[in-house]
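S.K.: take a look and give me a structure for this.
(2 chains)
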Amino acid sequence: MPAALLVAEHLTRMFDTRVAVSDLSLSVNAGEVVTLLGPNGAGKTTTMRMLAGLILPTSGRIAINHIELSAETANEARRLVGLLTEAPGLWERLTVRLNLLTYARLHGLSEPQRQVDEALALVELSDRAGEQAGKLSKGLKQRLAIARALIHRPPVVLLDEPTSGLDPASARHTRDLIHTLRADQRAVLVSTHNLAEAEELSDRIAVLKTRLLAIDAPAALRRRIAGATVTIEVEGDAARWSNFVGAIDGTTADASGSRLTVTVSSLSAVPDLVSALVSAGARIQRVVPDQRTLEEVYLDLVGAG
Amino acid sequence: MSRAAGSSRQRIGAVARKDAAELVRNPGAILPAIAMSLGSLVPAFIVVIGAPMIAGETLQQSGEFADEAQAAAVLVPELANLTGNALIQAFLFHQFLLLLLLVPVVGAMALATHAVIGEKQSRALEPLLSTPISTVELLAAKTLTPFVFSLGLTWITGLLYLAGILAVGEPGVWRSILGFRTFLMFVVLGPLVELAALQLSVIVSSRASDPRSAQQISSLMILPITAVFVAQLMASSIVSHAEIMIGAFGCLVLNAILLWIGVRVFQRETILMRWK
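M.R.: Below you'll find the model as predicted:
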């Protein structure tokens, strides 16, 4: 059983009377990448800040690497978390190296220079160490911010929109880095708006809109929502079979040429449907199940579809 | 995974060193302090040296300030051994010494507002706060670099003042400046005034979005010093040792109040949510 390095139970955070996050429970295991998906204002950044020990929840509990987070333990817990904030927040007048060196010192690392070199190598910025941070491109600034978040080799890594606004090559580099972190047995929580990225990166996806709407593996999440479509190609005119299929419980059909687009309650109903059509004399040439996209699932969950 | 310890001193030092490195790369923050340093030196030499040169007679010959200087010599031991033109020069140089206290105030304001607002503008506070640094350590770090820099600049300004007096003043005048009064001004009152200006600047900066508006509010600290300086000129007297110590005590109380406010302003959550 993999170890949960990050555990949140029934987290609620209020700002005055406004509820930013309500009753959120999730965990992230070592070697796992979980993505937080949600619309703007869904509470993703507030969740990240709570999990990083920056703000305390109004209620609920957080454990980071088995340390219960509280006002007393927050400083200790912050040593175990690497946070990439939404904005890089670099000291732009300073060099790349000095930016990292300051964080190495803040974390009290024993060999700051060596650890700065390692962090620079990890994000492939070794050759830019002497440059002023403010003169780097947006993608390189993001790499530097990631190096800063990882310099103390935290077991838990929180990345708030790590590829936002990056060009494809920089985004690719960042995603590769996240795969590396997973391989290195870190617990990684990523917040993103990019559904394709979430699907590619994540072991599990958590859909958040103030409260947790769903958390599951991408494929399971797609299956979770009721309803699926299947395209059945028949010999001859498909309109012949649309009434027959429409008469089956929980099924609707549209015909176009030789194609019959059938909506079923779930993909598990498709074999029986095909069998019924064959029994009725239909000559079936092809059956193509259309899985729902993650986008459809997401929009359905957050009620924006 | 490397575990990090790190002491409070290390963390404060890390941020203070970073701030120092940023300051030397930010002429906009340093120039007002340097301008104030140079500007505070000029008036004394214009009055004590320049004006008599233009008039073609010494201060003693003009008869101005003679009685006031004699009266001050009774109250201020540093003036006791001087006579004639030297006594009048020393009296005036001691009066203008108060003007040098504007250097730590202006320096602290200029540097502290940049140190805090710079972080806000670059959105560097959130990653900084995600480290093990406590907010009290952060407050200490944010005041340390401006404090050391401004105090250093004040002492350098004092040395320049002394060197100027040594170069153009009557013999023995410079020695009167090296007394207990100057010690009180530069080692007791000056740092306390500076610390109060720093704390006020940091507190104001937490609510301001650009350094200039923060400096305008913080410049309130200049008023008491200017008022005392003007009162000194009007009354043709010198602030005595006892009055300096009373001022220092007042600053100590003010610092305690500002620290109490500062610690409350420097809460992680306040910084993240309310500092815009």
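S.K.: contacting residues around the helix or strand harbouring residue A:255?
M.R.: Residue A:255 belongs to strand A:252-256 when assigned by DSSP states H and E. The contact list for strand A:252-256 (C-beta atoms under 8 Å, 6 or more residues apart in numbering or on different chains) reads A:237-242, A:245-246, A:260-263. Placement of C-beta: from N, CA and C, glycine included.
S.K.: just checking, next helix/strand downstream of it?
M.R.: strand A:259-264.
S.K.: which helix or strand lies directly C-terminal to that next one?
M.R.: Remark: after strand A:259-264, the chain's next helix or strand is helix A:270-279, criterion DSSP H and E.
S.K.: near chain A, which residues of the stretch 1-150 of chain B show up?
M.R.: B:1-7, B:10-11, B:13-15, B:17-18, B:21-22, B:25-26, B:122-134 (C-beta under 8 Å from any C-beta of the partner chain).
S.K.: let me know the pLDDT of the residue in chain A positioned nearest to chain B.
M.R.: Nearest residue of chain A to chain B, counting by C-beta to the nearest C-beta: residue A:108, 1.8 Å away. With respect to pLDDT, residue A:108 scores 92.
S.K.: just the CA trace of stretch B:215-232, in CSV.
M.R.: C-alpha atoms of stretch B:215-232 as CSV (Å, rounded to 0.1, in the frame of the first residue of the first chain):
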residue,chain,number,x,y,z
GLN,B,215,7.4,57.4,1.7
GLN,B,216,5.0,60.4,1.8
ILE,B,217,3.2,58.9,4.8
SER,B,218,6.4,57.8,6.5
SER,B,219,7.9,61.2,6.1
LEU,B,220,5.8,62.2,9.1
MET,B,221,8.9,61.1,11.1
ILE,B,222,10.8,64.0,9.7
LEU,B,223,8.4,66.5,11.3
PRO,B,224,9.4,66.2,14.9
ILE,B,225,13.1,66.4,14.1
THR,B,226,12.5,69.4,11.8
ALA,B,227,10.3,71.0,14.5
VAL,B,228,13.0,70.6,17.2
PHE,B,229,15.7,71.9,14.8
VAL,B,230,13.6,75.0,14.0
ALA,B,231,12.7,75.5,17.7
GLN,B,232,16.5,75.4,18.4
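S.K.: what residues of it count as buried?
M.R.: B:215, B:217-219, B:221-222, B:224-225, B:228-229, B:232 (16 or more other C-beta atoms under 10 Å in any protein chain shown).
S.K.: outside of that stretch, which residues touch it?
M.R.: Residues outside stretch B:215-232 that contact it (C-beta under 8 Å, 6+ apart) are B:32, B:95, B:98-99, B:101-102, B:105-106, B:109-110, B:112-113, B:193, B:196-197, B:200-201, B:204, B:208, B:238-239, B:247.
S.K.: among those residues, name the ones in helices.
M.R.: Among these, the residues falling in helices (DSSP state H) are B:32, B:95, B:102, B:105-106, B:109-110, B:112-113, B:193, B:196-197, B:200-201, B:204, B:247.
S.K.: mind listing what residue B:18 touches?
M.R.: Shown in contact with residue B:18 (C-beta under 8 Å, 6+ apart): A:91, A:94, A:98, A:102.
S.K.: what's the closest of those to residue A:61?
M.R.: Distance to residue A:61, by C-beta to C-beta, is smallest for residue A:102 among the contacts of residue B:18, at 32.1 Å.
S.K.: tell me the pLDDT at the closest one?
M.R.: At residue A:102, the model reports a pLDDT of 97.
S.K.: secondary structure class for it?
M.R.: Under the three-state scheme (DSSP: H, G, I helix; E, B strand; the rest coil), residue A:102 adopts helix.
S.K.: isn't it up against residue B:15?
M.R.: Yes: look at residue A:102 against residue B:15 with C-beta atoms under 8 Å: they come within range, at 7.2 Å.
S.K.: closest residue of chain B to chain A?
M.R.: Residue nearest to chain A within chain B: residue B:6 (1.8 Å; C-beta to the nearest C-beta).
S.K.: ok, how many other residues are close to the closest residue in space to that residue that isn't next to it in sequence?
M.R.: Closest residue to residue B:6 apart from its sequence neighbours, by C-beta to C-beta, 6 or more residues apart in numbering or on different chains: residue A:108 at 1.8 Å. A count of neighbours around residue A:108, defined by other C-beta atoms under 10 Å in any protein chain shown, yields 20.
S.K.: now swap in residue A:180 and tell me
M.R.: So residue A:180, with other C-beta under 10 Å, has 12 neighbours.
S.K.: element containing it, please.
M.R.: Assigned by DSSP H and E, residue A:180 belongs to helix A:168-183.
S.K.: over to residue A:23?
M.R.: strand A:18-29.
S.K.: what residues of that strand count as buried?
M.R.: A:20-22, A:24, A:26-29.
S.K.: okay, those in CSV with pLDDT and distance to chain B next?
M.R.: Shown next, in CSV, are the buried residues of strand A:18-29 (pLDDT from 0 to 100; distance: C-beta to the nearest C-beta, whole Å):
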residue, pLDDT, distance to chain B
A:20, 93, 10
A:21, 95, 14
A:22, 95, 18
A:24, 95, 18
A:26, 95, 20
A:27, 95, 19
A:28, 96, 16
A:29, 95, 16
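S.K.: which one of these sits closest to residue B:42?
M.R.: Residue B:42 has its nearest neighbour among the buried residues of strand A:18-29 in residue A:20, at 56.1 Å by C-beta to C-beta.
S.K.: contacting residues for the residue lying closest to the closest one once chain neighbours are set aside?
M.R.: Sequence neighbours aside, residue A:46 is the residue nearest to residue A:20 in space, at 4.4 Å (criterion: C-beta to C-beta, 6+ apart). For residue A:46, the contact set (C-beta under 8 Å, 6+ apart) comprises A:13, A:20-21, A:55.
S.K.: rerun at 10 Å
M.R.: Applying C-beta atoms under 10 Å, 6 or more residues apart in numbering or on different chains to residue A:46 gives the contacts A:11, A:13, A:15, A:20-21, A:24, A:54-55, A:57, A:208, A:210, B:273.
S.K.: do the same with residue A:178
M.R.: Counting by C-beta under 10 Å, 6+ apart, residue A:178 has contacts A:33, A:35, A:146, A:157, A:159, A:162-163, A:186, A:188, A:190, A:197, A:200-202.
S.K.: also residue A:83?
M.R.: A:48-49, A:51-54, A:145, A:148-149, A:154, A:156-160, A:189, B:126-127, B:129-131.
S.K.: and the pLDDT for residue B:2?
M.R.: The predicted local confidence for residue B:2 is 42.
S.K.: so what sits against both of residue A:102 and residue B:15?
M.R.: With C-beta under 10 Å, 6+ apart, residue A:102 and residue B:15 have common neighbours B:128, B:131.
S.K.: name the residue closest to the centre of the chain, please.
M.R.: In the absence of a named chain, chain A is used. A centroid search over chain A (C-alpha atoms, centre = their mean) returns residue A:35, at 1.9 Å, as the residue closest to the centre.
S.K.: chain B is the one I meant
M.R.: Centre-most residue of chain B, counting by C-alpha atoms, centre = their mean: residue B:104, 1.7 Å.
S.K.: how deep is the residue lying closest to it once chain neighbours are set aside tucked in, by neighbour count?
M.R.: Nearest residue to residue B:104, sequence neighbours excluded (C-beta to C-beta, 6+ apart): residue B:194, at 3.5 Å. Using other C-beta under 10 Å, residue B:194 has 29 other residues around it.
S.K.: what do you get for residue B:159?
M.R.: Residues lying near residue B:159 (other C-beta under 10 Å) number 11.
S.K.: return the distance of it relative to residue B:103.
M.R.: When distance is defined by C-beta to C-beta, to the nearest Å, residue B:159 is 12 Å away from residue B:103.
S.K.: just to revisit the earlier point, what's the first helix or strand after the helix holding residue A:180?
M.R.: Past helix A:168-183, the next helix or strand by DSSP H and E is strand A:187-192.
S.K.: show me what contacts residue A:277?
M.R.: Contacts of residue A:277 by C-beta under 10 Å, 6+ apart are A:232, A:234, A:241, A:244-245, A:248, A:260, A:262, A:283-284, A:287.
S.K.: what does residue B:88 give?
M.R.: Going by C-beta under 10 Å, 6+ apart, residue B:88 touches B:48, B:52, B:58-60, B:62-66, B:68-70, B:72, B:79, B:82, B:170, B:173.
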